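Visitor: Build me a model from this:
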Amino acid sequence: MANKISDETIEYVGILAKLELSGEEKENAKADMERMLDYIDTLNELDTEGTEPMSHVFPVYNVFREDIAENGDGSGDTLANAPLVKEQGFKVPKTIG
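Guide: Residues are numbered from 1 along each chain as shown. As a prediction, this is how the structure comes out:
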């Protein structure tokens, strides 16, 4: 392994993650982090020249559409059934005295 993680780094990461690790857990975490860093170094050896960066695995298109009212909201029909109407809304009796 080319990458070495210090005990202070593991302690600091544990504090940031709000973890209380035992000595064995710290050693396991250190070994895991070293393996991850080694793997990243392996990935950095890949030739990515000419490869377009991507932000998502699948093609993402603008999912928003223009906000165009097509059939109205039906509020006129709804208000037609109301017993009392006041300014484009239902008029209800006062409930708090």
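
Visitor: Between the two ends of stretch 51-63, what distance do you get?
Guide: Distance between the two ends of stretch 51-63: 26 Å, counting by CA to CA, to the nearest Å.

Visitor: and that stretch, average pLDDT?
Guide: Stretch 51-63 shows a mean pLDDT of 80.

Visitor: how distant is the lowest-mean-pLDDT helix or strand in the chain from the center of its chain?
Guide: Ranking every helix and strand in the chain by mean pLDDT, DSSP states H and E puts helix 75-80 at the bottom, with a mean of 83. Centroid separation for helix 75-80 versus its chain: 40 Å, with CA atoms, centre = their mean, to the nearest Å.

Visitor: And the next helix or strand past it?
Guide: As assigned by DSSP states H and E, the chain's next helix or strand after helix 75-80 is strand 85-86.

Visitor: so the residue positioned nearest the centre of the chain, which of the three states?
Guide: In the chain, the residue lying closest to the centroid (CA atoms, centre = their mean) is His56, at 13.0 Å. What DSSP: H, G, I helix; E, B strand; the rest coil gives for His56 is coil.

Visitor: Could I get the full set of helices for this protein?
Guide: 7-16, 23-44, 75-80 (DSSP state H).

Visitor: Fine by me, thanks again.
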